[in-house]
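Peer 1: Pasted the sequence and its predicted model underneath.
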Amino acid sequence: MLLPMNRYLLLSLGLVLAATGTASHARTTDAQRTLMRTAIGNAERGQVDAGTRAALRDHPLYGWLEYSSLRRTIDTLGTSQAQDFLKRYQGQAVAETFRATWLPALARRQDWPTLLANYTTSTDPGLRCAVLNARHATGKADAQWTSEAQALWRSAGKSLPDACDPVFAVLASRGGLSPALRWERIEAAADAQQPGVMRAAARGLPAAELAQANDYAAFVDTPDARALNWPKTERSRRIATDGLEKLAKADPDAAEQQLPQYIQALGLSTEQQGQVRYQIALWTVASYLPDSARRLAAVPEPAYDARLHEWRTREAMARGDWPAALAAIRKMPVSQRNDSRWRWFEARLLEKTGKPAEATALYRAAASEATFHGFLAADTLKQPYTLCPWNPEDSTTAKAAVARDPALLRAIELFKIDRTLWAAREWADALSRFDDSQRRLAVEVASDNGWFDRAVFALKGPQELRLYTLRFPLHHDDAIRREAARNALDPAWIAAEIRAESIFNPNARSPANAMGLMQVLPATGASVAKRIGLSGYGGAASLYDPDTNIAIGSAYLRQLMDKYDGLPYVTIAAYNAGPTPTARWQSQRPDFDPDFWIETISYKETREYVARVLAFSVIYDWRLNGNALGVSDRMRGKVEGSRKAFTCPQ
């Protein structure tokens, strides 16, 4: 029996199909989408009815509706029905999604012949092990089987799925797991700091070696002085290094205290000492602990990577030691040092150390890039912002051809009914056949349909990054302007927050349950709605309404602005990280210039978020008004000031 809503939708769908033809030849309507959304949900609960199936048979997502039904009974599904599905949808993402669900079910049933008959190449280790189990059970465990099983054994130092246990048991019984192979995995697991995997790999070693392997695993778990009596071998040195690195992440003081005795007892190499000192320094400086500078200095230069170069610079900045910060930048590799961020700070540090004349060329180089630090450099030079939009002249015929691609059509329809994981699979299938031009046009088609994040994830290279109207969508601008005026905020800032939080997806939901365009937590939403007297707020679900979300998110930004003395750069940090860490950063560096304060934020995500939102604000100001308030004024909370023009140097 159909629910009343389904009856209404079926009637609407019938009228649409009568007027326009089948769904496969007509534009899918909202009524059809609603019916398909409901039907898939019902199918997953085993409640889809024959009438709905018949009405949707020509819908482009019918295969996914079938998949939803089949998946529910996957452990008892008949082979002929499954193979019929794979045959009818051969070459489509839904078929491969079904296959990845069905084959593990066959393995659980130990239906080995059917599993082997329907397996295609996979990178999934669990499925690869299931196939090896099937080949062994059907008498096909030949030399190639042994080679493949050994390759899986070697493939990672981390735990493998349970399906691999029988494979390795058979491999061991056939003499395919020599002590050398076991040690290879033990060492890889030690490098991955996985003592449980080390112990599992050691089973089957001769007694004396087993005892040593378990002692190695115990050390990686918790370093112990017994290791000082280990044999002075390269293996002992390697595993001692692994264990000390793990300790350094949890307790850098203890790692530093214990390191000398292991250097002396085991003869750790300069490189191994550097590996441990790297972790000691990193996990000290990440919290700006008192010994940061000393521990950074103890790391040999060859052990430095881009990450530690940055932290050495930040640590010196955080202490206000401008000469040391400048020296740290100048020790970076050229490719890193030439990033607009470090060009900006090198110039700033030259000025702070009394060498302003040397800073000008660096400011000019930084100002050539459309980034936060590039915009700051342009402000310093009192010149327009560099922005070079690319507007490719694609034919409408080419775009229409891409839009007709069946996989792309299905991807967009799935996105519109909030089946984003399935949509991504159809999208990947479509893009696997597209050239660069078609991929770019597919992004346009997706954006035309409200799927804006494709422009973030699918555009590549310097030229495509200049597709600013695709990469910086602008929707709900009436609500943005209205709430900006109501809360005395810059509308470009609100748009930038939406771009950073949800990429203009009103249905976005984070793992932390932040919801909607501005990713508002339900508790925050309820509190702010009550404070501003927002009529019609109906609980957390209301946060998926764009107008409601923008109203609450904007009012919350205003609330934070008032709390943080009208300083947007602090407000943006608090919006991302919360009040507790923001208060700590304020107390640690209360008098810092905004750019240095932002760069010395200890959380990577927040540090990059603040710079990103401020840069996005400039670009959205350009989109809204054709020019922009200078980012130097913007980050200090000025809403009036000189407007910056944009130019594209030839």
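Peer 2: Done, it's in.
Peer 1: quick one: residue 331 from residue 156, how far?
Peer 2: Taking Cβ to Cβ, to the nearest Å as the measure, residue 331 falls 34 Å from residue 156. In this view, the C-beta of every residue, glycine as well, is placed from N, C-alpha and C.
Peer 1: And residue 534, by the same measure?
Peer 2: Between residue 534 and residue 156 the distance is 51 Å, computed by Cβ to Cβ.
Peer 1: and what of residue 551?
Peer 2: 49 Å.
Peer 1: more crowded one of these two?
Peer 2: residue 551 (23 against 15; other Cβ atoms under 10 Å).
Peer 1: what pLDDT, on average, does the stretch of helix or strand that one belongs to get?
Peer 2: Under the criterion of DSSP states H and E, residue 551 resides in helix 546-563. What helix 546-563 shows for mean pLDDT is 98.
Peer 1: Going by neighbour count, list what's buried in it.
Peer 2: Residues 546-561 are the ones in helix 546-563 that count as buried (16 or more other Cβ atoms under 10 Å).
Peer 1: burial measure for residue 464, as a count.
Peer 2: Residue 464 has 18 nearby residues by other Cβ under 10 Å.
Peer 1: What's the separation between the spatially closest residue to it that is not a sequence neighbour and residue 359?
Peer 2: Nearest residue to residue 464 in three dimensions, chain neighbours excluded: residue 440, at 6.4 Å (Cβ to Cβ, 6 or more residues apart in numbering). As for residue 440, its distance to residue 359 is 38 Å (criterion: Cβ to Cβ).
Peer 1: can you check residue 508 too?
Peer 2: For residue 508, the distance to residue 359 equals 41 Å [Cβ to Cβ].
Peer 1: what's the answer for residue 133, then?
Peer 2: 65 Å.
Peer 1: Alpha carbons only: can I get stretch 411-427 in PDB?
Peer 2: Only the C-alpha atoms of stretch 411-427 are listed here, as PDB (Å, rounded to 0.1, in the frame of the first residue of the first chain):
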ATOM      1  CA  ALA A 411      26.200  12.100 -10.600                       C
ATOM      2  CA  ILE A 412      24.300  15.400 -10.600                       C
ATOM      3  CA  GLU A 413      20.900  13.600  -9.900                       C
ATOM      4  CA  LEU A 414      22.500  11.800  -7.000                       C
ATOM      5  CA  PHE A 415      24.000  15.000  -5.600                       C
ATOM      6  CA  LYS A 416      20.500  16.600  -5.800                       C
ATOM      7  CA  ILE A 417      19.000  13.900  -3.600                       C
ATOM      8  CA  ASP A 418      21.900  14.000  -1.100                       C
ATOM      9  CA  ARG A 419      23.600  10.700  -2.100                       C
ATOM     10  CA  THR A 420      27.000  12.400  -2.200                       C
ATOM     11  CA  LEU A 421      29.100   9.300  -1.900                       C
ATOM     12  CA  TRP A 422      27.300   7.600  -4.800                       C
ATOM     13  CA  ALA A 423      27.400  10.900  -6.700                       C
ATOM     14  CA  ALA A 424      31.200  11.100  -6.300                       C
ATOM     15  CA  ARG A 425      31.500   7.600  -7.700                       C
ATOM     16  CA  GLU A 426      29.500   8.500 -10.800                       C
ATOM     17  CA  TRP A 427      31.600  11.700 -11.100                       C
END
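Peer 1: what's in contact with it?
Peer 2: 28, 33, 36-37, 40, 60-61, 64, 92-94, 96-97, 407-408, 410, 429-430, 442, 445-446, 449-451, 454, 507 (Cβ atoms under 8 Å, 6 or more residues apart in numbering).
Peer 1: and those, which are buried?
Peer 2: 28, 33, 36-37, 40, 60-61, 64, 92-94, 96-97, 407-408, 410, 429-430, 442, 445-446, 449, 451, 454.
Peer 1: ok, residue 636 to residue 379 distance?
Peer 2: Taking Cβ to Cβ, one finds residue 636 at 11 Å from residue 379.
Peer 1: So for stretch 270-286, mean pLDDT?
Peer 2: Rounded mean pLDDT across stretch 270-286 is 98.
Peer 1: how distant is it from the center of its chain?
Peer 2: 26 Å (Cα atoms, centre = their mean, to the nearest Å).
Peer 1: May I see the buried residues of that stretch?
Peer 2: Within stretch 270-286, the residues that count as buried by 16+ other Cβ under 10 Å are 272-286.
Peer 1: for this structure, which helix is longest?
Peer 2: helix 604-625 (DSSP state H).
Peer 1: contacts for the next helix or strand after that helix?
Peer 2: Next in sequence after helix 604-625, counting helices and strands by DSSP H and E, comes strand 628-629. Under the criterion Cβ under 8 Å, 6+ apart, residues 385, 490, 492, 617-619, 621-622, 638-639, 641, 643-644, 646 lie in contact with strand 628-629.
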